[in-house]
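Peer 1: sequence-free structure coming up:
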């Protein structure tokens, strides 16, 4: 690289090389996982479309999901509240995504597998005042790769 700025672009004043390195490592890991799974698919002996479909579904399992109605308690500044959602097939180490059907009003929603078949969802308040959300639908998605 010659250090020049792309036409019409700007570079940030300071680049966090550790963050950039982490992002690149994650991309390489994802690429390697996909390549490994595709290689496994192409080396499988298949007798037809059903076998190929089964091999693909084994290599790339569909995400698991569940939803629940949740009316979280009022969350004071610096505090958090949580709930659990049952997701059949969820296991420790799986990836979790969580969403809520209402505006979070700057609260942070995170989820993690706390036990087999159980996702714990945490609503944290890092704002300057208490926030009381209404009742809504909590959705969770678990990726088993």
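Peer 2: Cool, got the structure. For clarity, every value in this text was computed on a predicted model and none was experimentally measured. Numbers count the residues shown, from 1 in each chain.

Peer 1: okay, now the unreliable bits of this structure?
Peer 2: For the chain, residues meeting the criterion pLDDT under 70 lie at 1-16, 41-48.

Peer 1: give me the most central residue, it.
Peer 2: Using C-alpha atoms, centre = their mean, the residue of the chain that lies closest to the mean C-alpha position is residue 97, 4.0 Å off.

Peer 1: ok, that residue - contacts?
Peer 2: 111, 140, 141, 143 (C-beta atoms under 8 Å, 6 or more residues apart in numbering). Heads up, the C-betas are built off the backbone N, CA and C, glycines and all.

Peer 1: which of these count as buried?
Peer 2: The neighbour count (16 or more other C-beta atoms under 10 Å) marks 111, 140, 141 as buried among the contacts of residue 97.

Peer 1: hmm, back to that, okay, the contacts of residue 97 in JSON lines with secondary structure and distance to residue 93 next?
Peer 2: Putting those into JSON lines (DSSP: H, G, I helix; E, B strand; the rest coil; distance: C-beta to C-beta, whole Å) gives the following:
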{"residue": "111", "secondary structure": "strand", "distance to residue 93": "14"}
{"residue": "140", "secondary structure": "strand", "distance to residue 93": "16"}
{"residue": "141", "secondary structure": "strand", "distance to residue 93": "15"}
{"residue": "143", "secondary structure": "strand", "distance to residue 93": "11"}
